[in-house]
Structures are given as C-alpha cells and as structure tokens.
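Asker: here is my input; please provide its structure:
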Amino acid sequence: MEMTLLRPAPPVDLSLRPRSLVRYVFSRIRGYSSVQQPPHSSPTEDGLYGFAQPILGARILLSDPQLLMESLYPGAVLAIVCAMYASFSGAGEHGQWVWFKHFYKAFAALAPLPSVVFANHYARIAAMIRWRLGFGACGPREMPLGMLLGRLARQFAIVAVGVAPFVWLLDMVPLAGHVLSGALLAVWGLHWVVADAFDDAQVCLPGESLRQSIERDRRAPSPWFVRWIKQGADHLPVKAPVLGRFMRILGRAMRTFARFCDKLALDSRGEIDIMEKNRFVSLGFGLSTAALLAIPVLNLLFRPIILAAASHVVGQIEAQEEHAHGAMVNQGTPSLPA
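Answerer: All right, here's what the predicted structure looks like:
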C-alpha cells in the first residue's frame with residue numbers, strides 16, 4: 001500500500017491575484033484543493049483555504065478505490081435501510097417525488113446513527129488517511145460502545161441546551177425575533193458539524209493510549225461560549241441601586257449554566273480549541289460543508305468527504321504547531337561551547 005494518497009503541492013503563489021473577484025475566488029479554491037499547509041496570510045486566504053477542503057476531501061477519496069469503498073460502506077448501509085423504509089412507507093401514496101421524500105426524511109432521522117455504529121470504522125479511516133498523507137505514524141482512536149454512547153449523549157445535550165436561553169431571548173425581540181433565532185440556530189448547528197468533523201479526525205499519537213489521547217483533548221481551554229457566558233456574568237451591574245440583587249442572582253445562574261455547559265462540552269474541548277485558533281479556516285470549512293449538505297446525492301457522501309477533509313486540515317494544523325514548538329525549543333536552547 002502506498003504511503004501517499006496525493007502528492008503535496010507547492011504553496012499557492014499569493015502574489016498572483018486576478019483582477020476579477022470571481023476569478024480570484026475560483027483560482028484560490030482550485031489552488032487550495034490540494035495537499036498543503038494553511039496560508040495564514042490573511043482572513044480571506046484562510047477562509048478560502050477552509051472552503052476548499054471538502055473538495056480536497058473528495059479528491060482524497062477518489063484517489064484510492066479501496067479507501068473509497070471503505071468510506072462509502074457505512075453510508076451505503078444507511079442508504080439501503082432508508083431505501084427499504086421509503087419503499088414500504090410510500091406504497092399507498094402517489095406522486096413522482098414521494099419515494100425521495102420518505103428516503104430523505106429517514107436519512108435525516110437516522111443520520112446520527114453511523115456516529116455510534118460505525119464510529120470505530122471511521123476512526124480507522126481517519127488514521128489511515130492521516131498516515132498516508134504523510135503526517136507520520138498514528139493509531140485509530142477506537143472507543144468502547146459505552147464511551148461512544150456517553151459522548152454522543154453529551155454532544156446532543158450541549159447542542160440542544162447550550163443555545164436554548166439565547167434562542168428564547170431572541171424570540172422575544174419584536175418583528176425580527178424569529179429570523180434572528182433561526183440564524184443563531186443555523187450558525188450553532190454548523191459550528192457543531194465542524195467540531196464533530198474535527199473530532200472524527202483525531203488519532204492516537206505514537207505511544208499514546210486512548211485514555212491519554214482523550215485527556216489531551218480535555219486539557220484544552222474551556223470553549224468560547226463558556227468563557228463568554230462567564231464574562232457576561234462578570235460584567236453585570238451587581239452594584240446597581242435598584243436591580244443589583246436581581247443582577248447578582250442572574251450572575252450566579254449564568255455561572256452555573258456556564259459550568260454545566262463546560263461539563264457537557266468536555267469531550268469537544270480539543271476540537272473547539274483548534275477551531276478558535278484557526279477561526280477563518282474553520283469558517284470557510286463550515287460554509288463549504290453547508291453547501292455540500294444542500295446538494296442532493298452529494299449530501300449522501302457528506303460524512304466520508306468531510307472526514308477526509310478534516311483529517312487533512314487537522315493534520316496540517318498539528319504539523320504547523322509541532323514545527324513552531326520545535327523552533328521555539330531550538331531558539332531557547334543555549335549553544336554548546338566550541
């Protein structure tokens with residue numbers, strides 16, 4: 001088995017910038033849809049780099065038939081189950097699109113199922129992609145079923161609970177409340193799609209056990225939304241003459257809610273930390289993922305494509321961080337006397 005899926009490409013020449021905005025965007029996306037490090041030269045370049053990663057993910061899968069078959073296996077099983085459901089559910093109905101309506105309804109309802117049933121299968125694929133892209137030796141982060149169920153339950157809880165108070169507050173805004181709350185829910189959901197993709201791309205480093213790999217992620221800082229809630233509580237006017245007592249009660253409630261969200265998001269700390277440090281790459285990745293989800297048929301291949309894309313992105317980011325850390329260590333090491 002060859003070690004390299006796609007050969008690393010030279011960095012995009014940032015000095016070449018077409019005058020037309022459309023040509024510039026398409027030329028950058030085409031250039032960044034190859035194996036290379038994030039440019040980190042400007043927010044726009046990072047965003048376009050992130051947007052191109054699902055395209056690269058599709059290229060990675062198409063470059064190796066065996067890897068493609070392994071990646072499509074969970075989706076194929078899910079599609080067969082949904083097709084059987086659609087065939088029986090729409091038996092008494094008439095219409096050209098009845099079957100597809102039932103199929104996609106079942107597919108949407110059962111979409112989280114592969115996250116548990118095929119989680120270790122995806123973990124092995126992620127480790128294989130990371131190794132064959134040249135990021136060094138690694139092992140799959142395979143977990144027992146009980147741990148997988150616990151992580152899935154906590155993720156469902158944080159996705160549902162973490163944004164609920166703010167959606168409720170926005171719904172109370174006259175006229176634009178429903179639009180604002182809907183936009184918040186869309187952004188929140190997309191945030192967790194990217195975080196879940198980065199989580200699937202995690203691997204065990206050489207000599208690292210599963211427990212050590214999980215603890216490495218959990219040692220990351222608290223997520224941004226937890227810190228924001230705590231900062232909001234710290235800035236409440238608790239000494240106000242009229243509302244001071246209410247503000248103190250509200251502040252305690254906000255800190256309690258922040259601690260609760262922090263516990264629910266404990267498994268995702270590492271991935272969210274990566275997203276925060278590379279926010280424009282993550283933003284572009286999320287927008288491209290949303291576009292992929294909106295395309296019929298291609299959205300059936302959504303999970304393997306973003307798994308391959310996330311494996312490349314996380315591998316490149318970790319390689320850059322390791323290189324930067326090594327450079328800092330070398331600079332701080334005193335030279336030996338001649």
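Asker: every contact and neighbour count from this point should use C-alpha atoms.
Answerer: OK.
Asker: ok, now which ones touch residue 101?
Answerer: residue 86 (Cα atoms under 8 Å, 6 or more residues apart in numbering).
Asker: what residues of the host helix or strand of it count as buried?
Answerer: Using DSSP states H and E, residue 101 sits in helix 98-110. For helix 98-110, burial by neighbour count (16 or more other Cα atoms under 10 Å) applies to 99, 102, 103, 104, 106, 107.
Asker: swap in stretch 130-142?
Answerer: Going by 16+ other Cα under 10 Å, stretch 130-142 has these buried residues: 130, 131, 132, 133, 134, 135, 138, 139, 140, 141, 142.
Asker: which other residues reach it?
Answerer: With Cα under 8 Å, 6+ apart as the criterion, stretch 130-142 contacts 2-7, 119-120, 123-127, 202-206, 210, 213, 311-312, 315-316, 319.
Asker: repeat that with 6 Å
Answerer: Contact with stretch 130-142 is made by 3, 4, 5, 120, 123, 124, 127, 203, 204, 205, 206, 311, as judged by Cα atoms under 6 Å, 6 or more residues apart in numbering.
Asker: save the buried residues of helix 98-110 as CSV, and put in pLDDT too.
Answerer: Output for the buried residues of helix 98-110, formatted as CSV (pLDDT from 0 to 100):
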residue, pLDDT
99, 83
102, 83
103, 83
104, 78
106, 82
107, 75
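Asker: next up, the contacts around residue 10.
Answerer: By Cα under 6 Å, 6+ apart, residue 10 has no neighbours at all.
Asker: tally of neighbours for residue 326?
Answerer: Residue 326: 12 surrounding residues under other Cα atoms under 10 Å.
Asker: check residue 170 too.
Answerer: Other residues close to residue 170 by other Cα under 10 Å number 18.
Asker: wait, it touches residue 177, no?
Answerer: Yes: applying Cα atoms under 6 Å, one finds residue 170 in contact with residue 177, separated by 5.1 Å.
Asker: please give the element, helix or strand, for residue 212.
Answerer: Using DSSP H and E, residue 212 falls in helix 210-218.
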